[in-house]
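>>> This is a predicted model, with the sequence first.
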Amino acid sequence: MNKSNSGPLQGLKVIELAHIMAGPVCGRMLADMGAEVIKVERVPDGDPSRGFAPPLIEGESAAFMMMNRNKRGIAVNLKNEDGRAIVERLISDADIVIENYRKGTMERFGLGYEKLKKTNPGLIYCEISGFGRTGPYADLGGFDLVAQGYSGLMSITGESTDRPPVKCGPPVTDIGAGILATMGVLAAYAQRLKTGQGQRVDTSLFEAGITLTFWQSAIALATGISPEPMGSAHPLNAPYEAFETSDGWITIGASSESTWQRLPAVLGLSELLDDPRFIKNIDRMQHRMALNEELIPAFKKRGTVEWLELLKDAGVPAGPVLNVSDMLKHPQTLAREMVVETEHPSLGPIETIGFPVKFSETPATIKYGAPRIGEDTKAVLAELGYSTEDVDRLIKEGAVIALSPI
């Protein structure tokens, strides 16, 4: 299989010393945009997400494959001197390193930024952690659930304060930190193009969670009062939430004055337009529960599909609440190429989520599936100048794992 990428980042070399999610999200984003990403996995079991199951597809974790496509994979024992030497040689001409180990781990392996930049001053060294590399919590590990709690996200997610706290469904701080890291390394790369100088990039799950609280933090900073969970409702606009229909649920985005003025007539509630409680958005927010007492029974009179047609004709933003399987089959999902097929080295064609940014001249591509553990070890070592005898010795001594070609 030809493991070459195309895209706006073609020619960049990235070493991913990362596992599970935040770091691999960053690596995947860069790989999809054309960078050569070499994923360095631990010996003997590799990235722990290889064990995230079910589901397994012929023994391979679906979760791991989703997160690690378009990457080459080697397995190296960083506790072994020869293993560390391999990684140091890999990084010597790399553009970007991504790591998400606990603070001090890379330094103990002799792979910290201060050492590496001496031989590679243009290196962009990205560190993703639970709470960042500075501050009183810098030594703590990072987990999405914990970060969602610390960042305030769990306090504003769910139906009400008298219900148990709820996390956001997806691991949003892991994903968010990976996206922030991608933004950070590309900004550092833009700076390097001007100066030739690399730098350290430091972000965290904690900061990703905080970043997602824009509206709620604006309220808390302005009033001193922490917002509470509101279900699907918006803390600043109404009506802007999900309503039950006769056969499902529908989302309504009639939050601006123009869209609000179109909604009551569709529902047969034109009198609401003259109700002083609902004239402006600030009025509707102050009387949101009273407004919902009018809207909820009205929406239950028709089915979701019928409402969507009526609201579309009226120019009121609305949509269904799809489950994930329905979303993956939706014509807009398919039109935007957000479900694509790629070739896995042993499983053949598998489906995966597409790349969410479209480039007119240098499109991102998803060319191959996630590597099996140690799949590219021999090829990468050969590129670094190791002889066949050297590679055999490294395998025998446990410095690396190398998967024989199929």
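Here it is on my side, so go on. Numbering: from 1, shown residues only.
>>> When you work out contacts or count neighbours from here on, use the C-alpha atoms and nothing else.
Fine.
>>> who's the residue lying closest to Gln199 once chain neighbours are set aside bridged to?
Distances taken as C-alpha to C-alpha, 6 or more residues apart in numbering put Ile124 closest to Gln199, at 5.1 Å, once the chain neighbours are dropped. Counting by DSSP bridges, Ile124 is bridged to Ile96, Gln199.
>>> I'd say Ile124 and Tyr189 touch.
Yes - using C-alpha atoms under 8 Å, Ile124 is in contact with Tyr189, at 7.2 Å.
>>> Can you spell out which helices and strands pack onto the lengthiest helix in the chain?
When the chain is parsed with DSSP state H, its longest helix is helix 172-195. Packed against helix 172-195 by the contact rule (3 or more C-alpha pairs under 8 Å, 6 or more residues apart in numbering; DSSP states H and E) you find helix 22-32, strand 124-129, helix 144-150, strand 199-204, helix 205-211.
>>> list the contacts for the residue most central in space within the chain?
In the chain, the residue lying closest to the centroid (C-alpha atoms, centre = their mean) is Ile175, at 2.6 Å. Counting by C-alpha atoms under 8 Å, 6 or more residues apart in numbering, Ile175 touches 21-22, 25.
>>> Now the buried members of those residues.
For those, a burial check counting by 16 or more other C-alpha atoms under 10 Å picks out 21-22, 25.
>>> Show me this structure divided up by domain.
As recorded under automatic domain parsing, the domains making up the chain are 13-212+330-401, 240-244+249-320.
>>> deepest of those domains, which one?
Greatest average neighbour count among these goes to domain 13-212+330-401 (a mean of 19), per mean count of other C-alpha atoms under 10 Å.
>>> quick revisit: dump the domains of the chain into JSON lines; add distance to Pro227 as well.
As requested, the domains of the chain are exported to JSON lines (distance: least, C-alpha to C-alpha, whole Å):
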{"stretch": "domain 13-212+330-401", "distance to Pro227": "7"}
{"stretch": "domain 240-244+249-320", "distance to Pro227": "13"}
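>>> Let me know the average pLDDT across stretch 378-388.
Averaging pLDDT along stretch 378-388 yields 96.
>>> Can you measure across that stretch, start residue to end residue?
In stretch 378-388, first residue to last residue: 8 Å (C-alpha to C-alpha, to the nearest Å).
>>> CA atoms of stretch 228-248 as CSV?
Extracted in CSV, the C-alpha atoms of stretch 228-248 (Å, rounded to 0.1, in the frame of the first residue of the first chain):
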residue,chain,number,x,y,z
GLU,A,228,-27.7,26.2,35.6
PRO,A,229,-28.5,23.3,33.2
MET,A,230,-31.4,24.1,30.9
GLY,A,231,-31.8,20.8,28.9
SER,A,232,-31.7,21.7,25.2
ALA,A,233,-32.6,25.4,25.8
HIS,A,234,-30.2,28.3,25.2
PRO,A,235,-29.1,30.6,28.0
LEU,A,236,-29.5,33.7,25.9
ASN,A,237,-32.2,33.2,23.3
ALA,A,238,-35.8,31.8,23.1
PRO,A,239,-37.4,29.8,21.7
TYR,A,240,-34.2,27.9,20.9
GLU,A,241,-34.6,24.2,22.1
ALA,A,242,-36.1,20.8,21.4
PHE,A,243,-39.8,20.3,21.5
GLU,A,244,-41.7,17.0,21.4
THR,A,245,-44.0,16.3,18.5
SER,A,246,-46.7,13.6,18.1
ASP,A,247,-44.0,11.1,16.9
GLY,A,248,-40.6,12.4,18.0
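>>> one step back: nearest to Pro264, of the helices and strands packed on helix 172-195?
Proximity to Pro264 (C-alpha to C-alpha) singles out helix 205-211 among the helices and strands packed on helix 172-195, at 35.1 Å.
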